[in-house]
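> give me coordinates for this.
(one chain, ligands or ions: 1)
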Amino acid sequence: MRGQMMDQPLLISSLLVHAERHHGSREVVSRRCEGDIHRYSYRDLAQRCRQLANALAGLGLDPGDRIGTLAWNGYRHLELYYAGSGSGRVVHTLNPRLHPDQLVWIADDARDRVMFFDLTFLPLIEATAARFATVEHFVLMADRSHMPAGTSIPNLICYEDLIEGASAAYDWPVFDETTASSLCYTSGTTGNPKGVLYQHRSTVLHAYAAALPDAMGLSARDVVLPVVPMFHVNAWGTPYSTVMAGAKLVFPGPALDGRSLHDLFEAEGVTFSAGVPTVWQGLLAHVEEHGLRFSTLRRTVIGGSACPPAMIETFEKSYDVTVLHAWGMTEMSPLGTVCTMKPGAEELPEAERAAIKAKQGRALYGVDMTIVDAEGNELPWDGQAQGDLLVRGPWVLDRYFNRDEDPLRYDAAGRGWFPTGDVATIDADGFMQITDRTKDVIKSGGEWIGSIDLENIAMGHPSVAMAACIAAHHPKWDERPLLVVMKKPGREVTREELLAFYEGKVAKWWVPDDVVFVDAIPLGATGKMQKNKLREAFRDHVLPTV
Ligand code: AMP
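Numbers count the residues shown, from 1 in each chain. So this is what the prediction gives:
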């Protein structure tokens, strides 16, 4: 028997329609590349999205066509999200920090027909425009006064002209909720990047889950500033979940340094933010140096790579900001787990609570996960056994865009699981902790050593700005941990002091064999440490024998 409720597909346009009708006067504030602050309401956003949807049709774009974007977090990018997906086209966010060759490769693979870009990227597009094989139109996301006098880009279109010339009369089309909505390429460290093609259904379900109290806990009273870029897994879904909640949205544009972020937090009364640990490091350094406070910020999601416990402690103890340590990946839209406490945690000793907070957290409803050994047998949830982390759910990837291979692993019951490439433990309460990426694992005498644990400890040292732990070749144990350290400016610490710092914190055989100091640790396009580059740099490092 079929249920007898309305059969309404879950479409991204419905989020915008809801925000316009129920939160029409709520603001969207953006720091623009042009340098000023722009503000308007959800009502204005919705109207401009309808105009843009008409303009996209005017450019000859058909349903399913890919729309490339090279842009920071800002209202025009948000308009593209809603007008592009809402009208049945696919918004393809490109990461401008990638090498131009890679950008061209990705746009070709996606078959982008149009490329929208921020003023910042005008030189980049001028240098590469001729190389994009499928792009027919280039649109500069600015008004007429910012259009270049002379440019090598053929038929460059001005975004504001495009909008102005379009009618605001538009009915959002209704189509199957499994229709593709947006496309994001993974920042793979080896081989070519792979595209992950999201759906309307997966995006809306993910937005619901992200807004739940034990996830981001978003409400209409929040003021949300996503620092995580809209080209990094759709800013972790915040452009959807914030609009769903009717919260105020604040976009930082290109200014991601500590001072600019703190100024915006204070000026706009930001209550909630989200970003990778490396960004928060800059912010905390600025706040500390100038003796500042956060007057309105209450919660921040930190994820994308492991958040060092020292950072969680600083946010919570010194600034009264709750850290929501979260884990996910491009293939998961991205949210998988968020670390929020279960009942009874208030009574635990502080050290135990801190140990829980350092974990990546519990699975959201909608994500199932398990850990398995090399033979695919499920491992116990005892917080000790480490295995390959597998996930499945309605916002987890089924297959990559444009690729034939089936990436899933099938269990005895024939159920498909996505192998995350992460190694993790899960404890009896369901808290998952990432110990490593499969390819970063250090195998000493056949036993795994968790590099993230070792990095977290080093990051707790007052003189350490950033630390990476990599496998170095050892004649007897095959691999042993080598700690690579970038010191804080003006601070000193020796190899011996750092090694002694591990005493009593980990088993003796986990303590790194050596420490090397570097001026900088290479970061990838989404702000993660590039350990493959460090392994390459220290390939011939000779470990001390005693
Ligand atoms: P990406 O698809 O570029 O966002 O990368 C996803 C990968 O980032 C995951 O598979 C993890 O290896 C890593 N990652 C994300 N969040 C965390 C976290 N909180 N702790 C440790 N690693 C993380």
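> show me what from this protein comes close to the ligand.
186-187, 233, 303-306, 325-330, 334, 360, 420-422, 434, 437, 526 (C-beta under 6 Å from any ligand atom). Backbone N, C-alpha and C define where each C-beta goes, glycine included.
> in helices, which of these fall?
Counted as lying in helices by DSSP state H, out of the residues of the chain next to the ligand, are V233.
> which of the residues of the chain next to the ligand count as buried?
Among those, those classed as buried by 16 or more other C-beta atoms under 10 Å are 186-187, 233, 303-306, 325-330, 334, 360, 420, 422, 434, 437, 526.
> inside strands: which ones of these?
Counted as lying in strands by DSSP state E, out of these, are H325, A326, W327, G328, T420, D422, I434, R437.
> OK, contacts around V17?
Counting by C-beta atoms under 8 Å, 6 or more residues apart in numbering, V17 makes contact with A46, W172.
> what element comes up after the longest helix anywhere in the chain heading to the C-terminus?
Identified as the longest helix of the chain according to DSSP H is helix 42-58. Toward the C-terminus, helix 42-58 is succeeded by strand 66-70 as the next helix or strand (DSSP states H and E).
> what pairs with that next one, parallel or antiparallel?
If you go by DSSP bridges, strand 66-70 pairs up with strand 90-93 (parallel), strand 112-117 (parallel).
> quick check: next helix or strand after it?
Scanning onward from strand 66-70 (DSSP H and E), the first element met is helix 75-86.
> okay, the angle between that next one and strand 66-70?
170 degrees (axes from the mean of the first three to the mean of the last three C-alpha atoms, to 10 degrees).
> and helix 75-86, how far out from the chain's middle?
With C-alpha atoms, centre = their mean, to the nearest Å as the basis, helix 75-86 stands 19 Å off its chain's centre.
> swap in stretch 235-251?
Remark: stretch 235-251 is offset 14 Å from the chain centroid, using C-alpha atoms, centre = their mean.
> give me the mean pLDDT for it.
Across stretch 235-251, the average pLDDT comes to 98.
> contacts made by stretch 314-323 with the rest, please.
The contact list for stretch 314-323 (C-beta under 8 Å, 6+ apart) reads 280, 284, 287, 293-294, 297-300, 302, 307, 311-312, 357.
> and stretch 116-124, C-alpha only, in PDB?
Provided in PDB are the C-alpha atoms of stretch 116-124 (Å, rounded to 0.1, in the frame of the first residue of the first chain):
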ATOM      1  CA  PHE A 116      32.000  32.600 -13.800                       C
ATOM      2  CA  PHE A 117      34.900  34.200 -12.000                       C
ATOM      3  CA  ASP A 118      35.700  36.800  -9.400                       C
ATOM      4  CA  LEU A 119      37.800  39.900 -10.000                       C
ATOM      5  CA  THR A 120      40.700  38.300  -8.200                       C
ATOM      6  CA  PHE A 121      40.900  35.600 -10.900                       C
ATOM      7  CA  LEU A 122      40.900  38.000 -13.900                       C
ATOM      8  CA  PRO A 123      44.700  37.500 -14.500                       C
ATOM      9  CA  LEU A 124      44.300  33.700 -14.200                       C
END
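> what's that stretch in contact with?
33-34, 67-72, 74, 76-77, 80, 96, 100, 103, 125, 138-142, 146, 148, 151, 159, 254.
> out of the residues you listed, which are buried?
If you count burial by 16+ other C-beta under 10 Å, the buried members of these come out as 33, 67-72, 74, 76-77, 80, 96, 103, 125, 138-142, 146, 159, 254.
> for the stretch 101-250 of the chain, which spans come out with low pLDDT?
187-190 (pLDDT under 70).
> which residues in it form helices?
Assigned by DSSP state H, counting those that start in this stretch, the stretch 101-250 of the chain shows helices spanning 122-128, 159-164, 200-211, 233-236, 238-245.
> restricting to C-alpha, output the third one in CSV.
Same thing as helix 200-211. In CSV, the C-alpha atoms belonging to helix 200-211 read as follows (Å, rounded to 0.1, in the frame of the first residue of the first chain):
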residue,chain,number,x,y,z
HIS,A,200,19.2,17.7,-5.2
ARG,A,201,18.0,14.9,-2.8
SER,A,202,21.4,14.3,-1.3
THR,A,203,22.0,18.0,-0.9
VAL,A,204,18.7,18.7,0.8
LEU,A,205,18.9,15.6,3.1
HIS,A,206,22.5,16.6,4.0
ALA,A,207,21.3,20.2,4.8
TYR,A,208,18.6,18.8,7.2
ALA,A,209,21.2,16.5,8.9
ALA,A,210,23.8,19.3,9.2
ALA,A,211,21.3,21.6,10.9
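> helices or strands up against it?
For helix 200-211, the packing partners by 3 or more C-beta pairs under 8 Å, 6 or more residues apart in numbering; DSSP states H and E come out as helix 12-22, strand 180-185, helix 238-245, strand 335-338.
> following element in sequence after the last one, please.
On the C-terminal side of strand 335-338, the nearest following helix or strand under DSSP H and E is helix 350-357.
> distance from the chain centre to that next one, please.
Distance, centroid of helix 350-357 to centroid of chain: 25 Å (C-alpha atoms, centre = their mean).
> stretch 5-20 now?
Counting by C-alpha atoms, centre = their mean, stretch 5-20 comes out at 25 Å from the chain centroid.
> list the buried ones in it?
Under the neighbour-count criterion of 16+ other C-beta under 10 Å, stretch 5-20 has L10, L11, I12, S13, S14, L15, L16, H18, A19, E20 buried.
> how about stretch 237-255?
Buried, per 16+ other C-beta under 10 Å, within stretch 237-255: 237-254.
> pull the residues that contact the worst-scoring helix or strand of the chain on mean pLDDT.
Counting by mean pLDDT, DSSP states H and E, the chain has its least confident helix or strand at strand 447-449, which shows a mean of 89. Here strand 447-449 makes contact (C-beta under 8 Å, 6+ apart) with Q386, V423, T435, D436, V441, I442, K443, P481, W509, W510.
> one more pass at 6 Å, please.
Identification of contacts with strand 447-449 by C-beta atoms under 6 Å, 6 or more residues apart in numbering yields Q386, V441, I442, P481, W510.
> neighbours of the last one, how many?
The burial metric for W510, expressed as a neighbour count using other C-beta atoms under 10 Å, is 20.
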